[in-house]
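Colleague: Dropping a prediction and its sequence here:
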Protein chains: 2
Amino acid sequence: MTYKAINFKEKFSKFTEHWSPRVIAEMNDYQFKLAKVEGEFVWHDHPDTDEVFIVIEGELEIEFRDGIVNLESGEMFVIPKGVEHKPHAKTECKIMLVEPKGVVNTGEAGGELTAANDVWV
Amino acid sequence: MTYKAINFKEKFSKFTEHWSPRVIAEMNDYQFKLAKVEGEFVWHDHPDTDEVFIVIEGELEIEFRDGIVNLESGEMFVIPKGVEHKPHAKTECKIMLVEPKGVVNTGEAGGELTAANDVWV
């Protein structure tokens, strides 16, 4: 039989909401999630885990209390656990997140940008 | 301060060997590795872990005992743990692997394509 690859473009075409990660794959107890982001997110951290950002299309800035990282398509960054960060994107940016299953997008900061968890696309 | 993103193109420019994964990042006890592949790999499996293949550039086929998956740039696939697989690429293909630290590229199959582990680029 022919198995089907997971195609990022096809998955991105299936949702429009910003800051609302959709799970596309699981590896052991980790998940790969796609998200469309635009504008400012909230300051937050993930006290129990590192978090990977990979930019698929567009440009993303991630602010830290002591600096910043600029990411474009074909680049990634690992946010160490417990490090406060605030992503923002001037125009829509498409990203992939890799983190353990169950991680909430706003950490413990909460607020209106907190997305439902474990939503697959 | 300005932190530096991990740029896939830049990392790929730093090595030429085929089937020789280079670590570019760690997330908890997992590693992100880049590899250039061409030709046939060996049948093997990873009995203790799933393994993620992401194609960055080119085309990759992964054969299974019961089928095949074809991957191109912007696509990924999760090999479930214990499932025998044999990657091959007709022409050079650039991939990213995600798996727990310590996973050997040939699993327990061994042989001359077994690469040194935990080599960073």
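Modeller: Arrived safely, thanks for sending. Residues are numbered from 1 along each chain as shown, chains lettered A, B, ... in the order given.

Colleague: In chain A, which residue is most central in space?
Modeller: A centroid search over chain A (C-alpha atoms, centre = their mean) returns residue A:97, at 3.8 Å, as the residue closest to the centre.

Colleague: how about the helices in chain A?
Modeller: If DSSP state H is used as the criterion, the helices of chain A fall at A:8-12.

Colleague: Low-confidence regions, it specifically.
Modeller: Residue ranges of chain A with pLDDT under 70: none are present.

Colleague: Chain B contacts on that one?
Modeller: Residues of chain A lying close to chain B by C-beta under 8 Å from any C-beta of the partner chain are A:1-9, A:24-28, A:30, A:32, A:49-52, A:56, A:64, A:66-72, A:74-78, A:81, A:98-100. Any C-beta I mention is one placed from the backbone N, CA and C, and that applies to glycine too.

Colleague: In chain A, which strand is the longest?
Modeller: strand A:85-100 (DSSP state E).

Colleague: In that one, which residues are buried?
Modeller: A:85-87, A:89, A:93-100 (16 or more other C-beta atoms under 10 Å in any protein chain shown).

Colleague: Mind telling me the two of those farthest from one another?
Modeller: A:89 and A:100 (24.0 Å; C-beta to C-beta).

Colleague: just so I have it, where are all the strands in chain A?
Modeller: A:2-3, A:6-7, A:22-27, A:30-40, A:51-57, A:59-64, A:67-72, A:75-79, A:85-100.

Colleague: can you pull the contacts of the nearest residue to residue A:80 once chain neighbours are set aside?
Modeller: Ranked by C-beta to C-beta, 6 or more residues apart in numbering or on different chains and with sequence neighbours excluded, the top spatial neighbour of residue A:80 is residue A:50, at 5.6 Å. The contact partners of residue A:50, by C-beta atoms under 8 Å, 6 or more residues apart in numbering or on different chains, come to A:78-81, A:99, B:26-28.

Colleague: want to try a markdown table for the residues you listed, with distance to residue B:14 as columns?
Modeller: Below are these laid out as a markdown table (distance: C-beta to C-beta, whole Å):
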| residue | distance to residue B:14 |
| --- | --- |
| A:78 | 19 |
| A:79 | 24 |
| A:80 | 24 |
| A:81 | 28 |
| A:99 | 27 |
| B:26 | 18 |
| B:27 | 21 |
| B:28 | 25 |
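
Colleague: List only buried entries from those residues.
Modeller: So, of those, A:78-79, A:99, B:26-28 end up buried under the neighbour-count rule (16+ other C-beta under 10 Å).

Colleague: which among those residues gets closest to residue B:115?
Modeller: For those, the nearest to residue B:115 is residue B:26 (17.6 Å; C-beta to C-beta).

Colleague: and the closest one, how far is that from chain A?
Modeller: 7 Å (C-beta to the nearest C-beta, to the nearest Å).

Colleague: bridging residues for that residue?
Modeller: residue B:31 (DSSP bridges).

Colleague: Just confirm it contacts residue A:80, I think it does.
Modeller: No - Residue B:26 lies out of contact with residue A:80 (C-beta atoms under 8 Å); the separation is 9.9 Å.

Colleague: May I see the buried residues of stretch A:49-63?
Modeller: So stretch A:49-63, judged by 16+ other C-beta under 10 Å, has buried residues A:49-58, A:60, A:62-63.

Colleague: List the contacts of the residue nearest to the centre of chain A.
Modeller: Counted by C-beta under 8 Å, 6+ apart, residue A:97 has contacts A:21, A:32-35, A:51-54.

Colleague: picking that back up, mind putting the buried ones among the contacts of residue A:50 in a markdown table, distance to residue B:114 included?
Modeller: Shown next, in a markdown table, are the buried ones among the contacts of residue A:50 (distance: C-beta to C-beta, whole Å):
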| residue | distance to residue B:114 |
| --- | --- |
| A:78 | 27 |
| A:79 | 33 |
| A:99 | 30 |
| B:26 | 22 |
| B:27 | 24 |
| B:28 | 25 |
